[in-house]
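# When you get a sec, could you give me coordinates for this:
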Amino acid sequence: MAGSDRIILKSADDLQLMRPACLVAGTVLDEIAAFIQPGVTTRQVDNFAAERIKAHGAKSAFLGYRKFPCHTCLSVNEEVVHGIASERELRFGDIVSVDVGVSYKGFIGDTARTVAVGGCGLAAQRLLEITEQSLYLGIAQAVPGKRVVDISRAVQRYVEASGYSVVREFVGHGVGRTMHEEPQVPNFDEGKKSSPKLVPGMTLAIEPMVNSGGVDVKILKDRWTVVTRDGSLSAHFEHTVLVTDGAPEILTCLKKPSALKAA
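Residues are numbered from 1 along each chain as shown. All right, here's what the predicted structure looks like:
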């Protein structure tokens, strides 16, 4: 659920604060990805994330949010999103979605990436590549005059044409001073008659969640961890994106991306 029923546009002053928050999130994600290796537990990864978030002068936006118990969401293999850190030891060939949300000077930065633990098989690697590419195809649609559904369709068409399925129950969202703002950003076309128009100042967390098998998911008894119902692998990539007067600006990207091309 979003924190407001209206879309909150960000002013130039807002963005002077939000850009650094998003860069902190992106930096922490890079640091976590470099830390992950075979033999570490997800609890060790989360503890490392907590240290790095604090070192950057930020706070976890996830810890305590609706009573979530960890600083990051760490979802391994068939886990889709919202995985909880534990004594589970990561093994070579695992894939782990690392979802980072930080609060910094009043704004949220939200980003995610699925990381191969030491390396992975060809099937898993292709899943990661397709999911990440679907993210950038969705981002390319985040321009004035288009609608949220254009983002959704770009993701869905590419993913399904590649032989994978898009998770329906969990979606992207607006983000700013709070973790969840309007609008919701599904990764599939819901078939609604209307969809919010994209205008400069909107900040969106676009985050495809893609399964290598069926579309169905379920929530485990911990009430947080979402897994594929058929046990197939799942991948998750996310950026916080600003709609500008021209090309979209990826706020959580540390490196300047290559030109975005609409699908």
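# For this structure, which segments count as helices?
Using DSSP state H, the helices of the chain run over residues 12-35, 42-55, 122-139, 148-161.
# hey, which of those helices is tucked in deepest?
Most buried of the helices of the chain by mean neighbour count (mean count of other CB atoms under 10 Å) is helix 148-161; its value is a mean of 22. Where you see a C-beta, it was placed from the backbone N, CA and C, and this is true even at glycine.
# Helix 122-139 and that one, what's the angle between them?
If you take axes from the mean of the first three to the mean of the last three CA atoms, to 10 degrees, helix 148-161 sits at 160 degrees to helix 122-139.
# tell me the mean pLDDT over helix 148-161?
Mean pLDDT, helix 148-161: 98.
# Not counting that helix itself, show me its contacts.
Helix 148-161 is contacted from outside by 130-131, 133-135, 137-142, 165-166, 172, 183-190, 192, 195-196, 198, 204, 206, 208, 210, 262-263, using CB atoms under 8 Å, 6 or more residues apart in numbering.
# Please indicate which of the residues you listed are buried?
130-131, 133-135, 137-142, 165-166, 172, 183-189, 195, 198, 204, 206, 208, 210, 263 (16 or more other CB atoms under 10 Å).
# Strands - which of these land there?
Under the assignment DSSP state E, the buried ones among the contacts of helix 148-161 contribute 165-166, 172, 183-185, 204, 206, 210 to strands.
# Just give the number of residues close to residue 178.
17 (other CB atoms under 10 Å).
# what about the chain, any weak spots by pLDDT?
1-4, 256-263 (pLDDT under 70).
# From the centre of it, point out the most distant residue.
In the chain, the residue that sits farthest from the middle, by CA atoms, centre = their mean, is residue 193; the gap is 26.4 Å.
# Would you mind measuring from that one to residue 149?
10 Å (CB to CB, to the nearest Å).
# picking up where we left off before, so which of the helices of the chain gets nearest residue 252?
In terms of CB to CB, the element of these nearest to residue 252 is helix 12-35, at 4.3 Å.
# got the contact list for that closest one?
10, 45, 48-49, 52-53, 56-58, 72, 98, 100-113, 115, 176, 203, 240, 242, 251-254.
# Drop anything exposed from those.
Members of those classed as buried by 16+ other CB under 10 Å are 10, 45, 48-49, 52-53, 56, 58, 72, 98, 100-104, 107-113, 115, 176, 203, 240, 242, 251-253.
# just checking, which of these belong to strands?
98, 100-104, 107-113, 115, 203, 240, 242.
# Let me know whether residue 111 touches residue 241 as I believe.
No: counting by CB atoms under 8 Å, residue 111 stays clear of residue 241, with 10.2 Å between them.
# what about the nearest residue in space to residue 76 that is not next to it in sequence, neighbour count?
Once flanking residues are discounted, residue 76 sits nearest to residue 96: 4.9 Å by CB to CB, 6 or more residues apart in numbering. When neighbours are counted by other CB under 10 Å, residue 96 registers 24.
# list the contacts for residue 96?
Going by CB under 8 Å, 6+ apart, residue 96 touches 36, 42, 45, 74-77, 83, 90, 114-115, 117.
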